[in-house]
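Asks: Next come a sequence and a model predicted from it.
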Amino acid sequence: MPNRLRGQLKVNETKTKENKEMKLKILHVKAKGGPNEEFVRLGVLDDCNLVDYGIMDQTFDEAGKLSNKLRHSYLFPDKEVKKGERVILRTGVGDDRTDREKKPVVHRFYWGLETSVWNDDTDKVVLFAAEAIDSKEV
């Protein structure tokens, strides 16, 4: 399987193409369950706002090359997090919350989907940092 994303970034590398450090890192993915069992666990490497980050799933073709199939995406809300805390994105439906009594502090977010995302051996979790996003209604 290739270890490069679009020829610029290694999978699981914590730097952007401009060599800026990512402030979040994928720690674990619980896949192959129903939407209420699936989750992605992130570690906070440095204080940041989650609004600058998102998660996508991406597949590889049978030859092990990246496909352009980006079927699901999640953009985190405006939420300040501190170094050492954890962020969990669950696939299913629920209410976002922060568990401060746990150590480390855990911020839980819910994608709100009723179907599984991480249901294929060739799915890959993509954590991205976005400095700016533009959108337009069509």
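Replies: Looks like it came in fine. Numbers count the residues shown, from 1 in each chain.

Asks: Going by residue numbers, what spans are strands in this protein?
Replies: Along the chain, the segments classed as strands by DSSP state E run 4-5, 9-10, 24-30, 39-44, 48-49, 53-60, 66-75, 80-81, 86-90, 97-99, 106-110, 123-129.

Asks: among the ones you listed, which is nearest residue 135?
Replies: strand 66-75 (10.4 Å; Cβ to Cβ). In this view, the C-beta of every residue, glycine as well, is placed from N, C-alpha and C.

Asks: mind listing what's buried in stretch 28-35?
Replies: Neighbour-count burial for stretch 28-35, counted by 16 or more other Cβ atoms under 10 Å, picks out 29, 31, 35.

Asks: quick one: contacts of it?
Replies: Identification of contacts with stretch 28-35 by Cβ atoms under 8 Å, 6 or more residues apart in numbering yields 37-41, 90-93, 111, 113-119, 123, 125.

Asks: want to try CSV for the strands of the chain, with distance to residue 136 and mean pLDDT as columns?
Replies: Below are the strands of the chain laid out as CSV (distance: least, Cβ to Cβ, whole Å; pLDDT from 0 to 100):
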stretch, distance to residue 136, mean pLDDT
strand 4-5, 26, 33
strand 9-10, 27, 36
strand 24-30, 28, 94
strand 39-44, 29, 96
strand 48-49, 24, 96
strand 53-60, 18, 85
strand 66-75, 16, 77
strand 80-81, 29, 98
strand 86-90, 26, 98
strand 97-99, 33, 97
strand 106-110, 26, 97
strand 123-129, 20, 86
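
Asks: Identify whichever of those lies nearest to residue 137.
Replies: For these, proximity to residue 137 was assessed by Cβ to Cβ; strand 66-75 is nearest, at 16.5 Å.

Asks: With only the CA atoms kept, save stretch 86-102 in CSV.
Replies: C-alpha atoms of stretch 86-102 as CSV (Å, rounded to 0.1, in the frame of the first residue of the first chain):
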residue,chain,number,x,y,z
ARG,A,86,-8.4,13.5,23.8
VAL,A,87,-11.0,14.0,21.1
ILE,A,88,-13.3,11.2,20.1
LEU,A,89,-15.5,11.4,17.0
ARG,A,90,-18.2,8.8,17.1
THR,A,91,-20.0,7.8,13.8
GLY,A,92,-23.5,7.6,15.3
VAL,A,93,-26.0,9.9,16.8
GLY,A,94,-25.5,11.6,20.2
ASP,A,95,-24.9,14.8,22.0
ASP,A,96,-21.5,16.4,21.9
ARG,A,97,-20.0,16.8,25.3
THR,A,98,-16.7,17.2,27.3
ASP,A,99,-15.8,14.8,30.1
ARG,A,100,-13.6,17.0,32.4
GLU,A,101,-13.7,14.6,35.3
LYS,A,102,-11.7,12.1,33.2
